[in-house]
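> No sequence on hand, only this structure:
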């Protein structure tokens, strides 16, 4: 292991950073391809390996095993000079492709496909340059799109439709990999996480998205005084099916599971759902969010009820600002985890159960988070959140 050199894309991202730390813990030498311009290498290094995560005595040794490389996965030669590209290709043994964009801004389809599909194509080409390399591709469980029922790990194309272009772009990237890896006999492992939430110990998240966005919006309404705390006030209705599940999957579990699976030869040319095997229902989440936010007015309402009965101003505001998540409030597929369970058996790595305590931890972090507070105060950014959200389901 200590002789292997791994290239990681997207290490400054939420999941990518966790995976980078896991891989350095087991002794790999890391080359981190960071999107240009990386103006401050030291700052970038500290972002990926925070002081609290690394012992000071280990810092010097760590830097000798980690190299920051400014580049761009959407450009020829990954944004490097040809000489640098071929030199890198000659020393890298495995590639973890974590970089992706999930920008929901209208009219940004070209960017999604350029980075998520074309970027994946360029990375797979890199894996065949000079010596052959093993590819680890971070996809999403939601390549299943609007499918319902059981979705097997080895399944991809089932004539599904999609909730958004992010899902479609990751699906297209997997389709491309299926053809490319078969043609060039490229060893490849695909990991499909669920909806990635914060760290189970600290509640930390890098993006104010998914459940953190709801915490932020409920706090904003309370701060503005529009949330009446009178217990007899009318409910704050949120469209959703209380029996539907939401596959919230903590980031620290995903990173540990990916690393453990990647270390096993049996994982080559297989796909793994890194999801929550017991996801909470929306009904459970509503109860826990009510307690965590001290707001007893939250009520899940059917789509029909919400549309046919008059909506309050705060309901309209909340709906508008969380609109990107509406497709996930009325059901999802059941993700099979046969491959994942088999390779994680005996490792002691299990997905934490989502509980009321964990929801409290997430809410507390959202209220403390500078990123969430800044977004809440930035009216312009806030008003456009529906279109510009960093919606990371992977």
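Everything's here; your move. What you are looking at is a predicted structure, and each value in this text was computed from that prediction instead of being measured.
> Return the per-residue confidence for the closest residue to residue 150 other than its chain neighbours.
Among residues not flanking residue 150 along the chain, residue 334 sits closest, at 5.1 Å (Cβ to Cβ, 6 or more residues apart in numbering). Where C-beta positions appear, they are placed from N, C-alpha and C, glycine not excepted. pLDDT recorded at residue 334 is 97.
> Residue ranges in the protein under the pLDDT threshold?
1-2, 38-39, 51-60, 103-108, 225-233, 370-394 (pLDDT under 70).
> Packing partners of the longest helix along it?
In the chain, ranked by residue count with DSSP state H as the criterion, the top helix is helix 165-184. Packing partners of helix 165-184 (3 or more Cβ pairs under 8 Å, 6 or more residues apart in numbering; DSSP states H and E): helix 109-113, helix 119-127, strand 134-138, strand 188-193.
> Name the residues that touch it?
100, 102, 104, 109, 112-113, 116-117, 120-121, 124, 128, 135, 137, 139-140, 142-143, 145, 156-157, 160, 162, 186-188, 190, 269, 391, 393-394 (Cβ atoms under 8 Å, 6 or more residues apart in numbering).
> cool, and stretch 330-337?
Contacts for stretch 330-337 (Cβ under 8 Å, 6+ apart): 141, 144, 147-153, 192, 194, 239-241, 244-247, 272-273, 275, 277, 303.
> those strands in the stretch 1-150 of the chain, which residues are they?
5-9, 29-35, 66-71, 94-97, 134-138, 150-151 (DSSP state E, counting those that start in this stretch).
> on that earlier part again, would you list the helices and strands packed on helix 165-184 in CSV and tack on mean neighbour count and distance to residue 76?
Below are the helices and strands packed on helix 165-184 laid out as CSV (neighbours: other Cβ atoms under 10 Å; distance: least, Cβ to Cβ, whole Å):
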stretch, mean neighbour count, distance to residue 76
helix 109-113, 16, 17
helix 119-127, 21, 7
strand 134-138, 24, 19
strand 188-193, 25, 22
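> how about these in JSON lines, adding distance to residue 221?
What follows is the helices and strands packed on helix 165-184, written out as JSON lines (distance: least, Cβ to Cβ, whole Å):
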{"stretch": "helix 109-113", "distance to residue 221": "31"}
{"stretch": "helix 119-127", "distance to residue 221": "38"}
{"stretch": "strand 134-138", "distance to residue 221": "35"}
{"stretch": "strand 188-193", "distance to residue 221": "30"}
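> how about TSV for the strands of the stretch 1-150 of the chain, with distance to residue 288 added?
Formatted as TSV, the strands of the stretch 1-150 of the chain follow (distance: least, Cβ to Cβ, whole Å):
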stretch	distance to residue 288
strand 5-9	34
strand 29-35	36
strand 66-71	38
strand 94-97	33
strand 134-138	28
strand 150-151	26
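> what about those, which gets the closest to residue 41?
Among the strands of the stretch 1-150 of the chain, the nearest to residue 41 by Cβ to Cβ is strand 66-71 (4.8 Å).
> what pairs with that closest one, and is each one parallel or antiparallel?
Using DSSP bridges, strand 66-71 pairs in its sheet with strand 29-35 (parallel).
> Identify all contacting residues around the partner strand.
Under Cβ under 8 Å, 6+ apart, the answer for strand 29-35 is 2, 4-9, 11-12, 20, 23-24, 44, 48, 65-73, 78, 88, 91-92, 99.
> These, buried ones only, as a ChimeraX selection?
Selection of the buried residues among the contacts of strand 29-35 in ChimeraX, burial being defined by 16 or more other Cβ atoms under 10 Å:
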select :5,6,7,8,9,11,12,20,23,24,44,48,66,67,68,69,70,71,72,73,78,88,92,99
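> how close does residue 238 get to residue 195?
17 Å (Cβ to Cβ, to the nearest Å).
> and these two? which has more neighbours close in?
residue 195 (24 against 21; other Cβ atoms under 10 Å).
> my guess is the more buried one meets residue 251, correct?
No. Look at residue 195 against residue 251 with Cβ atoms under 8 Å: they stay out of range, at 10.6 Å.
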